[in-house]
Structures are given as structure tokens and as C-alpha cells.
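*Asks:* quick one: sequence plus predicted model below, questions after.
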Amino acid sequence: MIQLVVLEDQTNFRMGVKYAFEGNPDIHVADDKCKDAAFFGILDRTPADVVLLGVNKPDDPDYVTIVRQIRCDFPAVKILIVADAGTDRVVKSLMKTGINGCIEKGQASRDELEKAIRQVAAGGEYICNQLKIEN
């Protein structure tokens, strides 16, 4: 079973992810949290395979810091970015920090999100077509 932890500021999105995977025998939303210091306490207590990190603000440098800290403290955890439209620049920066995938929030269906989570959890990379992150 894939243990998923959601780090997202938008409550409706967090609740939607929990609802989407409720009853799924292979993907379990182990916990969810807004972006704050308590998040790393969750990762200390909750074994996670994948962190679903919401990127909502185009110029927030905290995302890079969060990804680097996850990489340092929890190197086995895979990171899947779920990005709002207009955040292409920050997603491009995050690609350089070693995230495992990204998906555009407004275009992601439940099936595409599940596919991305599974692919990243299995050690692959997932990049959706909607994001403009070419070099």
C-alpha cells in the first residue's frame, strides 16, 4: 500500500484528495497538513512513501526549502508536486531539487493523480503535459 501525505494550503484540495482515495485498497492518505513547521513532525511519526506538495504561489521560495529538507531528512520519500496554473517558474526550480514528478492541479483528474502517485511511488518520474517547464 502506498502511504500518501498531503502538504497543501488549500483545505478543499486536501479534502478532495482524501475523498478521492477513500476506500482505495492501494493508496492511503496517511495525513494532510497546511504548509507549516508541523509538517515535518508528521513525517517523523507517519511512514510516507509519497508527499503530495501543493504549489500555489508563483514566487514562494519556501517550496525549494521544503523539498530540500524532505530530501535531506527523508531521502526515501518521493515528492510529487501538484501545481496551480502560473507556477511554472517555481516548478522549474523544484525540478532541479530532485522532485519525482509534477502535475497541474486544475487539469488533474482523479485517474491522472492516481497514475502519477503510482508511477512516482514505484520509482519513476511523472511530468504532466499541461505544465510548461521546458528549458
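*Replies:* Arrived safely.

*Asks:* just checking, residue 99 touches residue 82?
*Replies:* No - using CB atoms under 8 Å, residue 99 is not in contact with residue 82; the gap is 11.0 Å. Where C-beta positions appear, they are placed from N, C-alpha and C, glycine not excepted.

*Asks:* intersection of neighbour lists for the two?
*Replies:* Taking CB atoms under 8 Å, 6 or more residues apart in numbering as the contact rule, residue 99 and residue 82 both touch residue 53.

*Asks:* how about the contacts made by the residue positioned nearest the centre of the chain?
*Replies:* Central residue of the chain (CA atoms, centre = their mean): residue 52, 2.1 Å from the mean position. Contact analysis of residue 52 by CB under 8 Å, 6+ apart lists 4, 5, 6, 7, 8, 17, 80, 82, 117.

*Asks:* give me the subset of these that lies in helices.
*Replies:* Of the positions in those, 17, 117 sit in helices, assigned by DSSP state H.

*Asks:* which residues in the protein form strands?
*Replies:* 2-7, 27-33, 50-55, 78-83, 101-104, 126-127 (DSSP state E).

*Asks:* dump these to a markdown table, plus distance to residue 95 and mean pLDDT.
*Replies:* Listed next are these as a markdown table, based on distance: least, CB to CB, whole Å; pLDDT from 0 to 100:
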| stretch | distance to residue 95 | mean pLDDT |
| --- | --- | --- |
| strand 2-7 | 18 | 92 |
| strand 27-33 | 23 | 84 |
| strand 50-55 | 12 | 90 |
| strand 78-83 | 9 | 92 |
| strand 101-104 | 7 | 90 |
| strand 126-127 | 8 | 89 |
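
*Asks:* relative to residue 21, which of these is closest?
*Replies:* With CB to CB as the criterion, residue 21 lies closest to strand 27-33 of those, at 4.8 Å.

*Asks:* neighbours around the closest residue in space to residue 56 that isn't next to it in sequence, how many?
*Replies:* Leaving out its chain neighbours, the residue that sits closest to residue 56 by CB to CB, 6 or more residues apart in numbering is residue 84, at 5.0 Å. Neighbour count of residue 84, defined by other CB atoms under 10 Å: 17.
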